[in-house]
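1. Here is a sequence with its predicted model. Questions after.
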Amino acid sequence: MQAKAPQPLLDCFATVTDPRIERTKRHQLIDILVIAICATICGADSWEDLELFGNAKREWFHSFLELENGIPSHDTFRRVFARLDTRQFQQAFLQWVGSVAQLTKAEVIAIDGKQLRRSHDRPAGKGAIHMVSAWAQENRLVLGQVKVDDKSNEITAIPELLAMLEIAGCIVTLDAMGCQTQIAEQIIEKETDYVLAVKKNQPYLYEDLEQYFDWALKDRFKETSFTKHQTVDGEHGRIEVRRYYASDDIAWLRNKEGWRGLQSIAMVESERTMSGKETTVERRYYISSLAADAKEIGRTIRGPWSIENSLLWVLDIAFREDESRIRKGNGAENMATLRHLALNLLKQEKSLKAGIKSKRLKAGWDETYLLKVLRN
């Protein structure tokens, strides 16, 4: 596949509509966005931080921004991002990601949700917002994100997110919330495969898989076709053996016609032993449009662990997302997009072998390194 030339970051965000009326514009919108993006990369986590960073880098920003009225105040940042159209801001993000991401065939796309704990606005009767994000495992990029509607759940947000993404030839993995017939159909329509976790929110399907694999294990799979793959991990006194089983024996499955593209069922049996403690065994079940290849399905099943460790955990630890008190208007959702953009840029910069928190510090100290991050 021929590599695409990444689209300049600022070109993508230059198309975002300014939400302010003309007489209130003391600062160009693109200047506000550029300072916000740079500040977020460099460790800013609040509107006050954006103003402080802008003033600390005033001379540097003056070298390429107009800034006719100086650095915007934190109130300006707050008002603009509270009113900024979230869909337009998201579209600019998607436009840039689409020019950067080089998705390969069978790349795992993990989709999961996360609540921004302190984004609630109780006086306004607004609960904490919940974002659903798509993570490309090989590219290590956030491909997109959608806010869950206040009166709904992830089941309605996932189709909206899938509709945004260009992921033909990839494999989408979702937890049990996304195990829905309509979602499976949408994934297949996008010329993409799926591996969906099955839990008791699909009671008949869960019961069928649980009973089938109980029987197959006791029978040592003598009467059914299957593949098996095993991995062993160990650290800090913990040893975990994971045994993956996959089978294309699905003719007996109840309501299988409702799951478009369904080709196989799978189970992972995790046997965990902690030093000085007894061994525990856990089984998890899956359905898939992939062939019954236990090794390939096992690789895909690890996708949700990737998004937990590489995205959700990093947002909490390196970006302190759960501590953010940004609440007014569209501010929390737009700041979440800013964090995802900053995380993508920092992960794409490979010259510095350091964690995200250290890269943020380095970018704040070293303008040459910041420019390197911005040019990815």
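-> Yep, it's here.
2. and Pro19, how far is that from Ile30?
-> Here Pro19 is placed at a distance of 14 Å from Ile30 (C-beta to C-beta, to the nearest Å). Glycine gets a C-beta too; all of them are placed from N, C-alpha and C.
3. Kindly report the same for Met131.
-> Met131 is 25 Å from Ile30, by C-beta to C-beta.
4. now Ala342
-> Ala342 sits 17 Å away from Ile30, taking C-beta to C-beta as the criterion.
5. out of the two, which sits in the more crowded spot?
-> Set Ala342 next to Ile30 and count neighbours by other C-beta atoms under 10 Å: Ala342 wins out with 26 against 15.
6. you'd agree that one is in a strand?
-> No: counting by DSSP: H, G, I helix; E, B strand; the rest coil, Ala342 is not found in a strand; it is helix.
7. OK, contacts around it?
-> 37, 40-41, 319, 360 (C-beta atoms under 8 Å, 6 or more residues apart in numbering).
8. rerun that using 7 Å as the cut-off
-> By C-beta atoms under 7 Å, 6 or more residues apart in numbering, Ala342 lies in contact with 37, 40-41.
9. which one of the residues you listed is nearest Val232?
-> Ile41 (38.3 Å; C-beta to C-beta).
10. Can you verify my assumption that that closest one contacts Asn344?
-> No: applying C-beta atoms under 7 Å as the test, Ile41 and Asn344 come out as separate, 10.1 Å apart.
11. Give me the below-cutoff pLDDT ranges for this structure.
-> In the prediction, the chain carries residues with pLDDT under 70 at positions 1-7, 117-128, 150-152, 236-237, 276, 376.
12. any idea which element Leu209 lies in?
-> Following DSSP states H and E, one finds Leu209 within helix 203-218.
13. Can I get that helix in CSV? Just the C-alpha atoms.
-> C-alpha atoms of helix 203-218 as CSV (Å, rounded to 0.1, in the frame of the first residue of the first chain):
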residue,chain,number,x,y,z
PRO,A,203,-28.8,-14.7,27.5
TYR,A,204,-29.6,-17.4,24.9
LEU,A,205,-26.3,-16.9,23.0
TYR,A,206,-24.3,-16.9,26.3
GLU,A,207,-26.1,-20.0,27.5
ASP,A,208,-25.4,-21.8,24.1
LEU,A,209,-21.7,-21.0,24.1
GLU,A,210,-21.2,-21.8,27.8
GLN,A,211,-22.9,-25.2,27.5
TYR,A,212,-21.2,-26.0,24.1
PHE,A,213,-17.7,-25.3,25.4
ASP,A,214,-18.4,-27.1,28.7
TRP,A,215,-19.4,-30.2,26.7
ALA,A,216,-16.5,-29.8,24.2
LEU,A,217,-13.8,-29.6,26.9
LYS,A,218,-15.2,-32.6,28.8
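14. residues in contact with it?
-> 198-200, 224, 226, 245, 253-255, 265, 267, 285.
15. So which bits of that helix are buried?
-> Buried positions in helix 203-218, judged by neighbour count with 16 or more other C-beta atoms under 10 Å: 205-206, 208-209, 212-213, 216.
16. and what of stretch 15-28?
-> 16, 18-20, 27-28.
17. Between the two ends of that stretch, how far is it?
-> By C-alpha to C-alpha, to the nearest Å, the extent of stretch 15-28 from end to end equals 13 Å.
18. could you pull out the strands for the chain?
-> 108-115, 130-136, 141-147, 171-174, 193-198, 227-235, 238-247, 264-274, 279-288 (DSSP state E).
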